[in-house]
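> Dropping the sequence and predicted coords here.
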Amino acid sequence: MIQTKSLRFTYQNAKKDTFCFPDINVPSKEDLLILGASGVGKTTFLHLLAGLLPPKEGDICIHNSYLNRLTRKQLDYFRGQHIGLIFQKTYFIKSLTLLENLTLRERLAKKKSDRYRREELIMHLGLSNLQNKKVYQLSEGQQQRLSIALGVIHKPKVILADEPTSNLDDINCSMVISLLKKEAEICKSNLVIITHDQRVKAHFSNQIIL
Ligand SMILES: Nc1ncnc2c1ncn2[C@@H]1O[C@H](COP(=O)(O)OP(=O)(O)OP(=O)(O)O)[C@@H](O)[C@H]1O
């Protein structure tokens, strides 16, 4: 469950006015697509939901925890445990294998190593025959699927994806959306996607425009 109320944010030293974001209320296991023109503040909003930026005013409540009331340390812990972030560009450790990157992500989330979960995820994402390859040996599309795996390996309560399809052709765009939806279903998570990719609209009934 994700709820925000009267959320406002200003970048330090920025010329732009304060961002005022609409209130959202996403019940457990539901999805939300956030659309909007370039520069309107989509990534900023996503970073607020992830606890990466502190709001100037307002509340962000995720599964009964108010992010704006947590200390920095509590917030880092909460994010590691409960938030799955999928960025447009993911920073892997390219000299490690796909499997080693996943194991490392589990450790950083302070989750128990779960071999079954790793194998399940690798299989769902069609990466089984690549698990021992170094990341630099993977194609762009394979790296994109690994970035989804890294975002959801720890079964987060909320999956936040920033423009996950913008560089993809139509076939890969549909595949990435259905993989994200499937993982959200398995993890019983909320899936929130921000995009200006109009192709994604058809896949989500719950949408807002910033
Ligand atoms: N760290 C920062 N400091 C100051 N201003 C910033 C910072 N990050 C973003 N901005 C500004 O805030 C505005 C919103 O940026 P944001 O990245 O949230 O937009 P967006 O809707 O995600 O855009 P796009 O679709 O192009 O990725 C932009 O005008 C941007 O220049």
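Good, I have the coordinates.
> Give me the distance between Asn68 and Leu98.
Asn68 sits at a distance of 36 Å from Leu98 (criterion: Cβ to Cβ, to the nearest Å). Any C-beta I mention is one placed from the backbone N, CA and C, and that applies to glycine too.
> cool, Leu160 as well?
Counting by Cβ to Cβ, the gap from Leu160 to Leu98 is 22 Å.
> Which neighbouring elements make contact with the longest strand anywhere in the chain?
When secondary structure is assigned using DSSP state E, the longest strand within the chain turns out to be strand 2-9. The helices and strands touching strand 2-9, judged by 3 or more Cβ pairs under 8 Å, 6 or more residues apart in numbering; DSSP states H and E, are strand 19-20, strand 25-26, helix 42-49, strand 57-62.
> From the contact counts, what lies against the third one?
I take that to be helix 42-49. If you count contacts as 3+ Cβ pairs under 8 Å, 6+ apart, helix 42-49 packs onto strand 2-9, strand 31-35, strand 57-62, strand 158-162, strand 190-195.
> quick check: angle from it to strand 31-35?
140 degrees (axes from the mean of the first three to the mean of the last three Cα atoms, to 10 degrees).
> how about the closest residue to Gly58 other than its chain neighbours, what does it touch?
Of all residues not flanking Gly58 in the chain, Leu7 sits nearest, at 3.7 Å (Cβ to Cβ, 6 or more residues apart in numbering). Contacts of Leu7 were listed using Cβ atoms under 8 Å, 6 or more residues apart in numbering, and they are Cys20, Phe21, Asp23, Phe45, Leu48, Pro55, Glu57, Gly58, Asp59, Ile60.
> From His154, how far out is the closest residue to Gly41 other than its chain neighbours?
The shortest distance from Gly41 to any residue that is not its chain neighbour, by Cβ to Cβ, 6+ apart, is 4.7 Å, and that residue is Phe19. The gap separating Phe19 from His154 is 29 Å, by Cβ to Cβ.
> Over to Leu102?
When Cβ to Cβ is the yardstick, Leu102 and His154 sit 10 Å from each other.
> likewise Ile171?
Using Cβ to Cβ, one gets 29 Å for the distance from Ile171 to His154.
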